[in-house]
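Asks: Mind folding the following:
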Amino acid sequence: MKPSDIAILIVDDEASIRNSLAQWFELDGYRVGTAEDASNALVQLQKDSWDIVMLDIKMPGMDGLELQRRIRKMDEHIITIMMTAFASVDTSIQALKEGAFDYVVKPVDPDDMGHLIRNAVEKRRLFYENRQLRQHIEGISLADEIIGESPGIKKVIDKIIEVAQTDAAVLIRGEHGVGKELVAKAIHSNSMRRYAPMIAVNCAAPSEAYLETELFGHEKGAFPGALYSRQGRFEMADNGTLFFDEVGGITEKVQADILGVMERKKLVRLGGDREIAADFRVVSSTTQDLERLVHNGAFRKDLYYKLNVVTITIPPLRERRLDIPSIARFFIKTYSRSMNKAVLDISNDSLDMLVDYHWPGNVRELRNVIERAMVVAKGNLIELEDLSFFFPVSEGEAAEPVLSLEEMEKRHIQKVLNLTHGNIAQAAGLLKVSRLTMYNKIKKYQLKK
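Replies: Next up, the predicted model:
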């Protein structure tokens with residue numbers, strides 16, 4: 001935050017003090033205003049936005065203490081600094097109890113004042129950053145995170161809403177690429193812990209020792225190469241969420257270590273002897289059959305029950321084809337911004353091809369396809385030729401007869417109706433037409449619902 005971003009209002013009935021302070025602050029680059037009494041200050045506070053208010057305690061009419069109370073009612077985040085003569089230090093201490101940032105004794109020392117203002121500016125900067133972070137987090141909705149209208153994904157969203165406000169451990173199941181970490185983030189960002197971090201741990205670590213260091217951290221000298229102390233993921237997740245990605249890959253020793261920390265909410269860094277408290281919620285994901293691993297003795301039963309309080313299963317993309325158009329369009333919008341390209345949508349025949357594909361790599365694979373298509377796309381739409389790297393056109397397809405526009409429209413509408421299982425409202429939404437238009441097209445082409 002630059003000095004020019006900070007506005008300081010000086011309130012004092014002595015013109016010499018007002019002018020001296022104003023000159024100091026203006027030389028340092030701050031925006032400055034002055035008021036000779038509380039009444040004038042209140043007018044300026046209502047008219048403009050101020051970050052810091054410096055006010056004399058002893059003024060004719062309304063004194064500084066009462067003005068401070070009024071300021072806090074208007075905006076409790078404005079920083080107030082009291083100015084006082086030595087005889088009224090007790091009064092300024094009372095002002096501190098009522099929320100003043102600090103007080104200075106007249107005559108004011110420029111160096112002390114400069115240091116005090118810098119501290120006040122730092123507090124104001126932290127307030128702005130925290131407010132922006134909270135606004136960003138509170139602005140996140142499930143609609144921004146989890147895209148789709150299919151019954152399968154609606155069940156996932158309902159489960160997220162149901163479990164997010166609790167502290168229950170959640171196990172997210174699904175194939176590679178379905179978006180398990182996205183669901184974990186949605187649980188965290190809609191929970192009471194959302195203002196603290198979500199820390200991810202890749203449990204498919206290259207070695208047991210590496211994973212232990214990642215989880216527990218270490219003290220300086222704990223092992224060769226440990227040149228400094230380091231926090232582990234348990235500590236980093238304090239007050240937040242710890243996400244174990246691919247939890248089925250943890251070795252038996254680390255499983256026991258994790259269980260101990262989850263039960264006691266305390267840990268000891270590698271090479272250390274001091275217990276460190278860590279309060280976190282656990283969300284895990286897996287592509288493996290944990291029940292089979294438990295049965296075979298490869299995964300601890302007690303840890304399995306600790307992690308699997310609530311289960312959320314994400315269906316593969318091939319089972320939620322209804323969502324493919326909206327997911328594809330979301331990626332188009334995302335990459336059009338990041339690539340600065342004017343690609344706005346995808347052609348119907350290209351969309352049909354995406355819907356018909358079985359997507360073994362799920363949403364991750366679809367994202368990759370859209371990203372590559374965006375790179376080569378020339379017009380405002382992603383066309384079939386832009387997908388040729390993924391869906392090569394065979395000779396048989398190239399030799400197909402050219403269809404009329406009406407026949408193409410008929411086939412496309414029927415395909416969408418099949419996709420939505422005859423749900424006219426959903427079909428109309430995908431085609432971006434009204435329900436009345438859908439009814440007329442169904443009647444015109446004698447389509448099956």
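Asks: Surely R318 and D356 touch.
Replies: No - using CB atoms under 8 Å as the test, R318 is too far from D356 to be in contact (10.2 Å). For glycine as for every other residue, the C-beta is placed from the backbone atoms N, C-alpha and C.
Asks: And stretch 251-271, what's buried?
Replies: For stretch 251-271, burial by neighbour count (16 or more other CB atoms under 10 Å) applies to 254-255, 257-259, 261-262, 267, 269-270.
Asks: Could you double-check that A35 sits in contact with Q44?
Replies: Yes - counting by CB under 8 Å, Q44 is a contact partner of A35 at 5.7 Å.
Asks: quick one: which of the two has more around it?
Replies: Higher neighbour count among A35 and Q44: A35, with 22 against 15, using other CB atoms under 10 Å.
Asks: contacting residues for F101?
Replies: 52, 79-81, 120, 123 (CB atoms under 8 Å, 6 or more residues apart in numbering).
Asks: let's see 7 Å
Replies: With CB atoms under 7 Å, 6 or more residues apart in numbering as the criterion, the residues that contact F101 are 79-81, 120, 123.
Asks: how close does it sit to R194?
Replies: Counting by CB to CB, to the nearest Å, the gap between F101 and R194 amounts to 28 Å.
Asks: Buried ones among the contacts of F101?
Replies: Neighbour counting by 16+ other CB under 10 Å classes 79-81, 120 among the contacts of F101 as buried.
Asks: Mind picking the two most distant members of those?
Replies: Every pair in the buried ones among the contacts of F101 was compared (CB to CB); the two farthest apart turn out to be T80 and A120, at 9.4 Å.
Asks: Tell me how this protein divides into domains.
Replies: The record's domain split for the chain, according to automatic domain parsing, is 3-136, 142-315, 319-445.
Asks: pLDDT (mean, whole number) over the first one?
Replies: Per-region confidence: domain 3-136 scores 86 on mean pLDDT.
Asks: Specify which member of the buried ones among the contacts of F101 is nearest to T313.
Replies: Using CB to CB, I79 is the member of the buried ones among the contacts of F101 that sits closest to T313, with 50.4 Å.
Asks: I figured that closest one hits V121, correct?
Replies: No - using CB atoms under 7 Å, I79 makes no contact with V121, being 8.7 Å away.
Asks: where does V104 land in three-state SS?
Replies: The local conformation at V104, judged by DSSP: H, G, I helix; E, B strand; the rest coil, is strand.
Asks: That one reaches M83, doesn't it?
Replies: Yes - distance between V104 and M83: 5.6 Å, which falls inside the contact criterion (CB under 7 Å).
Asks: In terms of neighbours, single out the busier of the two.
Replies: Neighbour totals were compared for V104 and M83, and M83 leads with 24 against 16 (other CB under 10 Å).
Asks: The more buried one belongs to a strand?
Replies: Yes - the secondary structure assignment for M83 places it in a strand, going by three-state DSSP.
Asks: Next up, the contacts around L366.
Replies: Counting by CB under 7 Å, 6+ apart, L366 makes contact with 317, 324, 327-328, 359.
Asks: before we move on, the earlier item: filter the buried residues of stretch 251-271 down to just the ones in helices.
Replies: Assignment to helices by DSSP state H places the following of the buried residues of stretch 251-271 there: 254-255, 257-259, 261-262.
Asks: between the residues you listed, which is nearest I187?
Replies: Checking these against I187 with CB to CB, the nearest one is M262 at 17.0 Å.
Asks: tell me the secondary structure for the residue lying closest to the closest one once chain neighbours are set aside?
Replies: Taking CB to CB, 6 or more residues apart in numbering as the measure, M262 lies nearest to K306, with 5.7 Å between them; neighbours along the chain are not counted. On the three-state scheme (three-state DSSP), K306 is labelled helix.
Asks: I figured K306 hits A168, correct?
Replies: No - with the criterion set as CB under 7 Å, K306 and A168 do not qualify as a contacting pair; they are 10.8 Å apart.
Asks: Which stretches in the stretch 251-400 of the chain count as helices?
Replies: Along the stretch 251-400 of the chain, counting by DSSP state H, counting those that start in this stretch, helices occupy 252-264, 290-295, 301-307, 324-338, 348-356, 362-376, 395-398.
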